[in-house]
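Novice: Need coordinates for the below:
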Amino acid sequence: MANTVISAEIRERAGKGAARAVRRAGMVPGVIYGAKQEPVLFQIDPRPLVKLLHKQGFFSHILTVEVGKEKYEVLPRDVQFDKVTDVPIHVDFLRFAKGQTMNVEVPVSFINEEKSPGLKKGGVLNVVRHDVEVICAPSAIPEELVFDLTGVEVGDSIHISAIKLPKGVELAITDRDFTVATVAAPSALKSEENSADGEDEEEATEE
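Specialist: Down below sits the predicted model:
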């Protein structure tokens, strides 16, 4: 998702009562904070916000928010949803300073599934982490972290060390080589193994 520009209106008042009034008017209240500057209160049409929310990596992409005559480079940090309707009811954007780094969740993806012997045998790709937390400057946030499944067998684990991180990007977790995904045995193979184990147990009992 490229750097997207969204338009917003200045919101004059803070507080729960003011936020409820904004929602009654069909808008979503929000705030831009960070970079040691005063927060900016705004309200936004929910339609472009919902479209962005449906795209992968919403929380790891820089947005340009136009509030009145001002433009702010921000990262989405939090969205609150109505418990009944599941529509957004508040959004927080983080404004960042030059040279600042931040923790961001980056989605993972996989390539060359057709080159994995384990998947060819009917194995199942079990994704343990759909996102990996990294530390980097906003301008260096990767679109995704891509893992190559070439040669991966049934029972293999894909660890974070299997990928070379882009320049300027560091892992938030550095004390272990954590698992991103595994290739599990297909159900049919598991059933065969269980049946074989049961037969072995019966033979052992008869002996």
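Novice: going forward, measure contacts between C-alpha atoms and count neighbours the same way
Specialist: Noted.
Novice: Need phi/psi at residue 18.
Specialist: Backbone torsions of residue 18, given as degrees, to the nearest 10, read phi -70, psi -40.
Novice: Please disregard the earlier target; I meant residue 113.
Specialist: Dihedral angles for residue 113 - degrees, to the nearest 10 - are phi -60, psi -30.
Novice: what number of residues lie near the closest residue to it other than its chain neighbours?
Specialist: Once flanking residues are discounted, residue 113 sits nearest to residue 149: 5.7 Å by CA to CA, 6 or more residues apart in numbering. Residues contacting residue 149 under the criterion other CA atoms under 10 Å number 21.
Novice: Go ahead and confirm residue 149 touches residue 116.
Specialist: Yes. Between residue 149 and residue 116 a contact is recorded at 5.6 Å, counting by CA atoms under 8 Å.
Novice: pLDDT weak spots in the chain?
Specialist: 1-2, 188-207 (pLDDT under 70).
Novice: From residue 60, how far out is the closest residue to residue 168 other than its chain neighbours?
Specialist: Take residue 168 and drop its neighbours on the chain: the residue closest to it by CA to CA, 6+ apart is residue 136, 6.0 Å away. Distance from residue 136 to residue 60, counting by CA to CA, to the nearest Å: 11 Å.
Novice: With residue 175 instead?
Specialist: Separation of residue 175 from residue 60 (CA to CA): 23 Å.
Novice: Please say which of the two ends up with more neighbours.
Specialist: Neighbour comparison, residue 175 and residue 60: the larger count goes to residue 60, with 21 against 7 (by other CA under 10 Å).
Novice: how about the nearest residue to residue 158 once chain neighbours are set aside, secondary structure?
Specialist: Of all residues not flanking residue 158 in the chain, residue 181 sits nearest, at 5.2 Å (CA to CA, 6+ apart). Recorded secondary structure, residue 181: strand (DSSP: H, G, I helix; E, B strand; the rest coil).
Novice: What of residue 51?
Specialist: Three-state call for residue 51 (three-state DSSP): helix.
Novice: From the structure, what's the count of residues near it?
Specialist: The burial count for residue 51: 10, using other CA under 10 Å.
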